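Enquirer: requesting a structural model of the entry that follows:
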Amino acid sequence: MTTTAKEMNLTDQALGAVMMALQRSLMEQSDIVPVLKEFRFRLSEDGLVVMNPPLVKFGVEEVTDENEEE
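Expert: Numbers count the residues shown, from 1 in each chain. I've put the predicted structure just below:
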């Protein structure tokens, strides 16, 4: 039985998905492992692409200009 190993790399999109997962786990103070385990990959011409990247939602704060006159 012969096995052939094929090297693959992460695309910029996949690397961004890993970084978003890290950011989310830091914000929520949660374990990153379950998020990474749920990743589904597809091989493209450029490398591995994450088909289900995590979403990270940030709170929206209203910014006012302190120099604005009322």
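
Enquirer: what stretches of this structure score poorly on pLDDT?
Expert: 1-2, 60-70 (pLDDT under 70).

Enquirer: helices of that one, residue ranges please.
Expert: For the chain, the helices defined by DSSP state H occupy 12-28, 33-38.

Enquirer: which strands and helices lie in contact with the longest one?
Expert: Just to be clear, that refers to helix 12-28. helix 33-38, strand 47-50 (3 or more Cβ pairs under 8 Å, 6 or more residues apart in numbering; DSSP states H and E). C-beta here means a position set from N, CA and C on the backbone, and glycine is covered the same way.

Enquirer: ok, back up a step: got a markdown table for the helices of the chain, with mean neighbour count and distance to Gly47 too?
Expert: As requested, those are exported to a markdown table (neighbours: other Cβ atoms under 10 Å; distance: least, Cβ to Cβ, whole Å):
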| stretch | mean neighbour count | distance to Gly47 |
| --- | --- | --- |
| helix 12-28 | 15 | 7 |
| helix 33-38 | 12 | 17 |
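
Enquirer: figure out which of the ones you listed is closest to Lys57.
Expert: For Lys57, the closest of the helices of the chain is helix 12-28, at 9.0 Å, according to Cβ to Cβ.

Enquirer: got the CA positions of that closest one in CSV?
Expert: Extracted C-alpha coordinates of helix 12-28, given in CSV (Å, rounded to 0.1, in the frame of the first residue of the first chain):
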residue,chain,number,x,y,z
ASP,A,12,-5.6,34.3,2.9
GLN,A,13,-9.3,33.7,3.4
ALA,A,14,-8.7,30.6,5.6
LEU,A,15,-6.0,32.4,7.6
GLY,A,16,-8.5,35.3,8.2
ALA,A,17,-11.1,32.7,9.4
VAL,A,18,-8.6,31.4,11.9
MET,A,19,-7.8,34.9,13.1
MET,A,20,-11.6,35.7,13.4
ALA,A,21,-12.0,32.5,15.5
LEU,A,22,-9.1,33.6,17.7
GLN,A,23,-10.6,37.1,18.1
ARG,A,24,-14.0,35.7,18.9
SER,A,25,-12.6,33.3,21.5
LEU,A,26,-10.7,36.2,23.1
MET,A,27,-13.7,38.5,23.2
GLU,A,28,-16.0,35.8,24.6
